[in-house]
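Novice: Provided below for reference: sequence and predicted model.
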Amino acid sequence: MSALPKPAPAVEEVDTSYLETLVGYNATRASLKVIELFTRRMAVYDLRHVDFSILSLITHNPGITSRQLCGALSILPPNLVGKIVALEKRELVRRRPHPQDGRAVGLYLTEAGQALMREAEGTAVSLETEATQRLSAAEKKTLMRLLQKIYR
């Protein structure tokens, strides 16, 4: 009879050094931290990430079309339709004919949508400050520039 190999000793400290060399791992870990803060803080407004992003783009681009929203957020049109309908039901968004393209419809915030986004964007600024508190202003600027180089 041969002796069974000895079991490996129990792991006392997890070695993440390889994973920490991967951009995806680090980006995901950072993203999960920010998403956790975002989800908690935006619950009071009943906004998820995609809802906030849609409303923010409409805030800063009144009259934006659904097609433009899809392009800016990499959302498929069928997925956006339900989101817009839900935001309309909440009376945060309204559709109006596009001023230059009679076939298109522009999206606009209602007064309630504008009020909500003033508060929600203020909350977003404070949570971003909290999430990046260990970064200097220069480091934060560099991080944003580098992340954008990856996805643009």
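Specialist: Happy to help now that I have it.

Novice: When you work out contacts or count neighbours from here on, use the C-alpha atoms and nothing else.
Specialist: Fine.

Novice: need the strands for this protein, in chain order.
Specialist: Counting by DSSP state E, the segments of the chain that form strands are 93-97, 105-109.

Novice: Throw these into TSV and include mean neighbour count and mean pLDDT, thanks.
Specialist: Formatted as TSV, the strands of the chain follow (neighbours: other C-alpha atoms under 10 Å; pLDDT from 0 to 100):
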stretch	mean neighbour count	mean pLDDT
strand 93-97	17	94
strand 105-109	22	96
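
Novice: Using TSV, lay out those together with distance to Ala138.
Specialist: Formatted as TSV, the strands of the chain follow (distance: least, C-alpha to C-alpha, whole Å):
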stretch	distance to Ala138
strand 93-97	36
strand 105-109	34
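
Novice: Can you tell me which of those is nearest to Leu57?
Specialist: strand 105-109 (9.8 Å; C-alpha to C-alpha).

Novice: Contacts for the closest one next, please.
Specialist: With contact meaning C-alpha atoms under 8 Å, 6 or more residues apart in numbering, strand 105-109 is reached by 55, 58-59, 62-66, 92-98.

Novice: just for the chain, where's the confidence low?
Specialist: Scanning the chain for pLDDT under 70 picks out 1-2.

Novice: any idea which residue sits dead centre in it?
Specialist: Centroid-nearest residue in the chain, with C-alpha atoms, centre = their mean: His49, separated by 4.5 Å.

Novice: And for Lys116, the neighbour number?
Specialist: Careful, residue 116 is Leu and not Lys. Residues lying near Leu116 (other C-alpha atoms under 10 Å) number 17.

Novice: any idea how far it lies from Tyr18?
Specialist: 43 Å (C-alpha to C-alpha, to the nearest Å).

Novice: can you check Phe38 too?
Specialist: Taken as C-alpha to C-alpha, the span from Phe38 to Tyr18 is 28 Å.

Novice: who's more crowded, these two?
Specialist: Higher neighbour count among Phe38 and Tyr18: Phe38, with 19 against 8, using other C-alpha under 10 Å.

Novice: Sweet, I'm off.
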